[in-house]
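>>> sharing a sequence plus its predicted fold:
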Amino acid sequence: MIVCPNCNHKNPDGASQCEACFTPLPTTTNCPNCGATVQTDATFCGQCGVNLKPSAPIEETDPPTEGVPVPTQVSGIPDLVNPEPLVELEPILINAEVPMPDSDPNLPATIISQSTPLEEEETSMPLSPVSAPPPPSALPTPISVPPVPISAPPTPTPRSAAFSGTILQTQSASLLHLQTNANIELPSNLSVIHIGKPNDRIPPDIDVSGFPNSDIVSRIHADIRVEGDAYYIEDVGSANGTYINHTPLASGNRHKLRPGDRISLGKGDLVTFLFQSS
């Protein structure tokens, strides 16, 4: 039977959701070492303490190749040949003496001035007359601007007076031992909190060996899992069981804790805690 962690309804083995409230039920499996029933997401077996999630082997990568093959030249392709120019360029003579055609060879050669386009453009541009500077009397009179007074820098406001926002508080939870009225704060840096007594396999985060009637509590008794702001408790194979509000919690199932829930470790309600959250 699988007990629903939401409404405590007993469902048949193999059910995936609760028949009463349709809450998804946690899946279970068997420990490969001792065969005990544990949740599929459990890290350690509550019965024998074996690690259920061994680390994956590190895959060895092949060493990098020492060299890269040099591409060879493809045969059969002729080398490129630079073509010869089709037209031979003749130099342009500037300010050279060129004889005029059909002229008398006894007369001196006529000089033809061949100027570049840049020289022709410069010679064709008209020159603009340079204007004389205006007399001093024609200049505008400068306007005097009064100096702007510099104010003193503002006095810094104390941080305590300037900041009055709301300070966020992190959620904390604790277990109140009803027999001795002792309050135990749950560690805020752990995602799985082990409850039990000192042992060689899984040291407890909450040690109950100093409380009265602790002999009914197993060394590896229960775990409290923290998921976001929610706290879940599960029995990890204790000998005398775990009870939530006087109802036995089946091994492998978990219960979402709410403020005021009564947690009894073992039978007879001899070691009892009250879950508190703030």
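The structure has been received and is ready for your questions.
>>> can you pull out the low-pLDDT segments for the stretch 151-278 of the chain?
151-170 (pLDDT under 70).
>>> next SSE after the longest strand anywhere in the chain?
In the chain, assigned by DSSP state E, the strand with the most residues is strand 220-227. For strand 220-227, the succeeding helix or strand toward the C-terminus, using DSSP states H and E, is strand 230-235.
>>> list the neighbouring strands of the next helix or strand along the chain from that following strand plus their orientation.
Scanning forward in sequence from strand 230-235, with DSSP H and E defining helices and strands, the next element found is strand 242-244. Sheet neighbours of strand 242-244, with direction, are listed as strand 247-249 (antiparallel), strand 262-265 (antiparallel) (DSSP bridges).
>>> make TSV out of those and add mean neighbour count.
Backbone N, C-alpha and C define where each C-beta goes, glycine included. Output for the strands paired with strand 242-244, formatted as TSV (neighbours: other C-beta atoms under 10 Å):
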stretch	mean neighbour count
strand 247-249	17
strand 262-265	22
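>>> and those strands: which comes nearest D207?
Across the strands paired with strand 242-244, D207 has its closest neighbour in strand 262-265 (12.2 Å, C-beta to C-beta).
>>> which elements pack onto the helix or strand following the closest one?
Proceeding N to C from strand 262-265, the next assigned helix or strand is strand 272-277, under DSSP H and E. If you count contacts as 3 or more C-beta pairs under 8 Å, 6 or more residues apart in numbering; DSSP states H and E, strand 272-277 packs onto strand 173-177, strand 262-265.
>>> let me have the strands paired with strand 242-244 in TSV, adding distance to V50 as columns.
Written out in TSV, the entries for the strands paired with strand 242-244 read as follows (distance: least, C-beta to C-beta, whole Å):
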stretch	distance to V50
strand 247-249	22
strand 262-265	23
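>>> to T23, which of the ones you listed lies closest?
Distance to T23, taken as C-beta to C-beta, is lowest for strand 247-249 among those, at 15.1 Å.
>>> residues in contact with the closest one?
Contacts to strand 247-249, defined as C-beta atoms under 8 Å, 6 or more residues apart in numbering, come from residues V3, N8, I233, E234, D235, G241, T242, Y243, H255.
>>> out of these, which one sits closest to T272?
Each of the contacts of strand 247-249 was scored against T272 by C-beta to C-beta, and Y243 proved nearest at 8.7 Å.
>>> tell me who's in contact with that closest one.
Counting by C-beta under 8 Å, 6+ apart, Y243 makes contact with L249, R262, I263, S264, K267, D269.
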